[in-house]
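Peer 1: everything below, folded, please.
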Amino acid sequence: MKFAIISAGEGSRLAQEGVSQPKPLIMINGKPMIDRLLDVFMDCGAQSIVVIINNEVEATKSHLAALQKKYPLEVVIKTTAGSMESFYNLKPFLEGEKFCLTTVDTIFHEEEFKAFIRTFQDAPEDGYMAVTDYIDDEKPLYLSVDDSMTITGYHNQPDSRTKYISGGIYCLTPSCLDTLERCMNQGLLRMRQFQQALVEEGMLLKAFPFSKILDVDHAEDIAKAETFLQTSFQVLGVQRGSEYSPNKESNDARIFRLVKERLEEKGAAVQVLSEQQLQESELFAPFVFSMARREESLKVFDKLEQQGAFVLNSSSGIRNCGRREMAEKLKEAGIPLPESLLMETGCSLKDSSEISYPCWIKKGDGYAQTKEDVCFVNNNNDNRALLS
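Peer 2: The predicted structure follows:
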């Protein structure tokens, strides 16, 4: 996958506020902004990276020339009239393969960005757009989405349809470059006009929510960005309903607690919900770990996964681990498993010659919720007594 950075602006507002470094070289937690982006891209498996800078700052040119020895980096040097013209000058380097484009001053949590890239790489849509409900932009571009997070429109003003704003990170397929060409032929200059044109031309775009995305446009934004990057990334933990842990509530709770503690050691901010709270909320988190089992919870996970969240355990995985489903799938796949006899609920008891004793009798259409759902029997009489 290819990556691209627009860094052709002058950074005039920063200069007027006393920031001496050119924008790409502004230090965020001890690292130039552009170096941070390059490292994140490489961690995402970047095959190539192209950046456009203006022709006015020698320090930026020298810095990027040195970086070309370390990264698969192409540098385009040209002063442009706007962000879309900068994008257009990167077009020859982005054709033929999926790519991700962002501006140099976009600040995000790396973990959320990686989830964004993973989701897009396997997606059939024309594009995935980073969005956020955190608004700290002087002129935000609002967008509306449907229930599947497909973008239905871009709007300059908020209304009842607009929960998110554009985050300025675009994952696109090469087909979107034709729209870029048409926008340039019409004399358009701004990236928001390009985004609006994509929807108008019927491109299928998905919104991928980030907890927060910042831009460094003013001197005060530097400290704000540093503080943000030092905060934890968001993880949602969903506990298992007690009815699915008969006589084992403490064991399941301990497993959940240990996972939560380990994630927190890694820097995550874990928000814990019960299954009931999950069903009543409309939260989005890029990462979810769960021990939930209710079908209502799984439907929430279905929606979160459609929105791009990484859910462990996934709703499909949980459904496939029902006793009957798992036994059938193991048999279909030729995977060895203990000798099993699947019986329909309410059917007559099989002749004792078909059953090898002793054995376990398990409820097959769900999960253990009472001690009678899983029982050990020694003979046919025990079996009849249990099932009668």
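Peer 1: shaky segments in the stretch 251-388 of the chain?
Peer 2: 343-354, 364-372, 387-388 (pLDDT under 70).
Peer 1: tell me where it has strands.
Peer 2: 268-273, 287-290, 310-312, 359-362, 374-377 (DSSP state E, counting those that start in this stretch).
Peer 1: quick one: Leu273 from Phe287, how far?
Peer 2: Counting by C-beta to C-beta, to the nearest Å, the gap from Leu273 to Phe287 is 14 Å. (Each C-beta comes from the backbone N, C-alpha and C, glycine too.)
Peer 1: kindly report the same for Gly167.
Peer 2: Counting by C-beta to C-beta, the gap from Gly167 to Phe287 is 18 Å.
Peer 1: overlap in contacts, Leu273 and Phe287.
Peer 2: Leu236 (C-beta atoms under 8 Å, 6 or more residues apart in numbering).
Peer 1: longest helix anywhere in this structure?
Peer 2: helix 249-265 (DSSP state H).
Peer 1: got the buried residues for that helix?
Peer 2: Of the residues in helix 249-265, Asp252, Phe256, Val259, Lys260, Leu263 count as buried by neighbour count, 16 or more other C-beta atoms under 10 Å.
Peer 1: so what does that helix touch, helix or strand wise?
Peer 2: Contact partners of helix 249-265 among helices and strands, from 3 or more C-beta pairs under 8 Å, 6 or more residues apart in numbering; DSSP states H and E: strand 233-238, strand 268-273.
Peer 1: pick the most buried one from those strands.
Peer 2: Stretch with highest mean neighbour count among the helices and strands packed on helix 249-265: strand 233-238 (a mean of 22; mean count of other C-beta atoms under 10 Å).
Peer 1: partners of that strand in the sheet?
Peer 2: According to DSSP bridges, strand 233-238 forms sheet pairs with strand 268-273 (parallel), strand 287-290 (parallel).
Peer 1: make TSV from the buried residues of helix 249-265 and add distance to Glu325 to it.
Peer 2: Listed next are the buried residues of helix 249-265 as TSV, based on distance: C-beta to C-beta, whole Å:
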residue	distance to Glu325
Asp252	21
Phe256	24
Val259	24
Lys260	28
Leu263	29
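Peer 1: Lys331: which of those residues is nearest?
Peer 2: Asp252 (28.1 Å; C-beta to C-beta).
Peer 1: before we move on, back to that, by how many degrees do the longest helix of the chain and strand 268-273 diverge?
Peer 2: 150 degrees (axes from the mean of the first three to the mean of the last three C-alpha atoms, to 10 degrees).
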